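>>> Any chance you can model this:
(one chain, ligands or ions: 1)
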Amino acid sequence: MIINVTEKVVTAELSRYLESATVCKCAQCIEDITCIALNKLPPKYVSTSKGELFSRVDSQMMQQTALDFDVAILGAIEFVKLHPRHTDV
Ligand SMILES: [Zn+2]
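Sure, this is the predicted structure:
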């Protein structure tokens, strides 16, 4: 099984940010934020069938590049806040 650790970390970090962010939290906006953030970050693929290996890589990576992730995620939130693509109902 191939996992993009960057995607996992962004998804986890974003859900943490969204608890306090004032941005729209509909599925469209969350997907847009995730895509924008991921496009700013290098993918990090690991091959594993073991969850514990993923957890280890995950925590190592988050310590090394936490600032890069913060910048990418916060930038993506700001962009979607200004340019939401969802349609108002
Ligand atoms: Zn929205």
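>>> Can you tell me how far residue 33 is from residue 1?
25 Å (Cβ to Cβ, to the nearest Å). Yep, even glycine has a C-beta here, placed from its N, CA and C like the rest.
>>> Tell me which of these two has more neighbours.
residue 33 (28 against 8; other Cβ atoms under 10 Å).
>>> what does whatever helix or strand that one lives in rub up against?
Here residue 33 sits within helix 27-40, counting by DSSP states H and E. Helix 27-40 has contacts (Cβ atoms under 8 Å, 6 or more residues apart in numbering) with 6-7, 10-11, 14, 18, 23, 69, 71-73, 75-77, 79-80, 84-86.
>>> what subset of those residues is also close to the ion?
residue 86 (Cβ under 5 Å from the ion).
>>> which bits of the protein sit near the ion?
Within the chain, the positions lying close to the ion (Cβ under 5 Å from the ion) are 24, 26, 29, 86.
>>> any idea what sits nearest the third one, other than its immediate chain neighbours?
The one in question is residue 29. residue 80 (5.2 Å; Cβ to Cβ, 6 or more residues apart in numbering).
>>> And the helices in the protein?
Using DSSP state H, the helices of the chain run over 5-18, 27-40, 51-82.
>>> Pull the contacting residues for the one residue sitting closest to the centre of the chain.
Centroid-nearest residue in the chain: residue 10, 2.1 Å away (criterion: Cα atoms, centre = their mean). The contact partners of residue 10, taken as Cβ under 8 Å, 6+ apart, are 34, 37, 38, 41, 69, 72, 73.
>>> Am I right that residue 5 is in contact with residue 48?
No: look at residue 5 against residue 48 with Cβ atoms under 8 Å: they stay out of range, at 9.8 Å.
>>> residue ranges with poor pLDDT in this protein?
Residue ranges of the chain with pLDDT under 70: 50-64, 88-89.
>>> So among the contacts of residue 10, which ones count as buried?
The neighbour count (16 or more other Cβ atoms under 10 Å) marks 34, 37, 38, 41, 69, 72, 73 as buried among the contacts of residue 10.
>>> now the first one: how far from residue 74?
When Cβ to Cβ is the yardstick, residue 34 and residue 74 sit 13 Å from each other.
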